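Trainee: A structural model of the following input is requested.
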Amino acid sequence: MLSCNLILAPPLIINLPNFCRSLDGTSSEPWEPLWQDLHCWVQSIYWQARRILQQKRLPQNHWSKNCTKASHRLKSKVCFDWDHKSKSGLLRQKIQANWNITKPYVTSDFYNKDQQELIEAIFFGHFDPSWHKNIRQQLLDDQGGYGEEQSIAIFGTPGTDQFQFVMTGRHTTVRCDGDSAEHLAFGGPIFYGHAAEDFNEKPDHPGNVFWQQALKANQVYKILDGKQRKQALIPQAPQESRVQFKKSADQITGLQIADMTKDQKQEMQSVLSLLLEPFRTSDQQEVRKCIDTQGGLDQCRVSFYQSGDIGNDETWDIWRLEGPSFVWHYRGAPHVHVWVNVSDDPKTKITTT
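Mentor: Numbering: from 1, shown residues only. Predicted coordinates:
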């Protein structure tokens with residue numbers, strides 16, 4: 001059963017009567033097969049949507065009949081086999097800082113209005129409602145607004161246990177798979193970032209919606225003793241996209257959380273909570289489950305990097321939390337890039353180029 005949560009972002013209203021006409025085959029919209037595929041995808045969360053929208057559910061046989069009507073033309077643009085590979089590897093497990101997984105932008109006329117509204121609902125369903133305003137601001141600053149330079153891809157077959165929705169753009173890679181991607185939190189690696197006022201941000205990163213995460217991590221550094229700081233502070237940051245899991249835990253650098261004091265560990269738990277705060281509850285829970293599987297946060301290490309210290313103020317703009325099957329790399333210079341790879345299996349492979 002697919003388990004993606006649907007959270008509707010105000011002022012979004014899905015017009016179910018129009019959708020029903022599309023499903024009945026009476027709509028003349030050119031891309032209704034995509035809507036049918038996506039509607040199948042959110043079937044598992046329909047009851048939540050019904051409560052929100054106070055509409056009646058269509059008969060099950062109506063779903064099944066229309067879920068099979070995906071056009072070849074549409075599939076060639078945004079739909080892929082589950083194990084489709086690009087030149088660099090498995091496409092559904094790829095992340096980059098600035099890319100489009102397919103060509104059609106969400107706000108283009110490739111999609112009709114109803115399809116655009118559905119995609120918007122799915123996208124914002126990835127995030128906790130308290131973060132919708134921040135996400136819209138980030139998209140406005142980085143892409144000119146939601147959907148303007150974002151694209152989607154659909155992998156696998158709707159209604160099966162191999163199905164994934166991916167949305168990409170500058171500073172955006174999110175995916176939702178309803179636990180189709182074995183072992184992986186978030187359905188696979190994700191990316192988020194923000195260049196608020198300028199490409200080269202000032203030391204205090206004014207307006208950056210994710211800068212508080214770095215400030216929280218730096219609070220941990222401030223309460224470390226001299227010996228701990230020597231272990232945690234590293235001269236040169238690794239290449240930001242190198243977030244694949246290490247072959248051995250011995251290759252992970254930084255200060256091990258297990259070697260921290262009780263109050264320092266509590267502060268690290270607060271850092272983790274702040275990192276997870278933007279995302280929907282189910283993803284937060286899945287990340288924590290993956291961490292527990294690898295032995296808890298104690299098995300992770302935290303690193304701060306002297307390179308990229310904007311303003312030379314020793315508020316470290318680049319830092320990293322890493323464990324056997326957990327990488328959260330925060331690059332704050334010249335603006336924020338965050339690469340996330342979380343699994344319950346350190347043998348999991350991803351694509352970052």
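Trainee: Tell me which stretches of this protein form helices.
Mentor: Secondary structure of the chain, counting by DSSP state H: helices at 16-23, 32-41, 46-53, 60-67, 72-78, 113-124, 132-143, 211-222, 226-232, 262-276, 281-293.
Trainee: okay, and for the stretch 1-150 of the chain, where does confidence drop off?
Mentor: Within the stretch 1-150 of the chain, the ranges that satisfy pLDDT under 70 run 1-74.
Trainee: per-residue confidence at residue 183?
Mentor: We have a pLDDT of 76 for residue 183.
Trainee: Now do it: how many residues are near it, please.
Mentor: 15 (other CB atoms under 10 Å). Yep, even glycine has a C-beta here, placed from its N, CA and C like the rest.
Trainee: any idea how far residue 139 lies from residue 105?
Mentor: 12 Å (CB to CB, to the nearest Å).
Trainee: same check, this time on residue 216
Mentor: 34 Å.
Trainee: for residue 246, same thing?
Mentor: 37 Å.
Trainee: can you check residue 305 too?
Mentor: On the measure of CB to CB, residue 305 and residue 105 end up 35 Å apart.
Trainee: The two - which one has more neighbours?
Mentor: Looking at residue 305 and residue 105 with other CB under 10 Å, you find the greater number of neighbours at residue 305, namely 24 against 18.
Trainee: per-residue pLDDT, that one?
Mentor: We have a pLDDT of 98 for residue 305.
Trainee: Enumerate every residue touching it.
Mentor: 233-237, 316, 318-320 (CB atoms under 8 Å, 6 or more residues apart in numbering).
Trainee: give the contact list for residue 341.
Mentor: 189, 243-245, 326-327, 348, 350.
Trainee: now do 7 Å
Mentor: Counting by CB atoms under 7 Å, 6 or more residues apart in numbering, residue 341 touches 189, 243, 327, 350.
Trainee: ok, how many other residues are close to residue 256?
Mentor: Residue 256 has 17 neighbours, counted by other CB under 10 Å.
Trainee: Hmm, it is touching residue 303, no?
Mentor: No. Look at residue 256 against residue 303 with CB atoms under 7 Å: they stay out of range, at 10.7 Å.
Trainee: pLDDT weak spots in the stretch 251-353 of the chain?
Mentor: 353.
Trainee: what about the strands in it?
Mentor: 255-256, 301-305, 318-323, 326-331, 336-342 (DSSP state E, counting those that start in this stretch).
Trainee: out of those, nearest to residue 158?
Mentor: Nearest of the strands of the stretch 251-353 of the chain to residue 158, taken as CB to CB: strand 336-342 at 25.5 Å.
Trainee: Please compute how far the closest one lies from its chain's middle.
Mentor: Relative to its chain's centre, strand 336-342 lies at 9 Å (CA atoms, centre = their mean, to the nearest Å).
Trainee: same thing with stretch 173-190?
Mentor: The chain centre lies 8 Å from the centre of stretch 173-190; the measure is CA atoms, centre = their mean.
Trainee: That one: end-to-end distance?
Mentor: 5 Å (CA to CA, to the nearest Å).
Trainee: Show the pLDDT at the nearest residue to residue 175 once chain neighbours are set aside.
Mentor: Among residues not flanking residue 175 along the chain, residue 187 sits closest, at 4.1 Å (CB to CB, 6 or more residues apart in numbering). We have a pLDDT of 90 for residue 187.
Trainee: Pull the contacting residues for residue 187.
Mentor: By CB under 7 Å, 6+ apart, the contact list for residue 187 reads 164, 175-177, 181.
Trainee: Can you dump the C-alpha atoms of stretch 212-231 in PDB for me?
Mentor: The C-alpha trace of stretch 212-231 is given here as PDB (Å, rounded to 0.1, in the frame of the first residue of the first chain):
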ATOM      1  CA  GLN A 212      19.000  28.300  11.300                       C
ATOM      2  CA  GLN A 213      20.100  24.700  10.800                       C
ATOM      3  CA  ALA A 214      23.700  25.800  10.500                       C
ATOM      4  CA  LEU A 215      23.400  28.100  13.500                       C
ATOM      5  CA  LYS A 216      22.000  25.200  15.600                       C
ATOM      6  CA  ALA A 217      24.900  22.900  14.600                       C
ATOM      7  CA  ASN A 218      27.400  25.700  15.500                       C
ATOM      8  CA  GLN A 219      25.900  25.800  19.000                       C
ATOM      9  CA  VAL A 220      27.200  22.200  19.400                       C
ATOM     10  CA  TYR A 221      30.700  23.300  18.300                       C
ATOM     11  CA  LYS A 222      30.700  26.100  20.900                       C
ATOM     12  CA  ILE A 223      30.100  23.700  23.800                       C
ATOM     13  CA  LEU A 224      32.800  21.300  22.800                       C
ATOM     14  CA  ASP A 225      36.000  21.200  24.700                       C
ATOM     15  CA  GLY A 226      39.400  21.800  23.100                       C
ATOM     16  CA  LYS A 227      40.100  18.100  22.400                       C
ATOM     17  CA  GLN A 228      36.700  17.600  20.900                       C
ATOM     18  CA  ARG A 229      37.000  20.700  18.700                       C
ATOM     19  CA  LYS A 230      40.300  19.300  17.400                       C
ATOM     20  CA  GLN A 231      38.600  16.100  16.300                       C
END
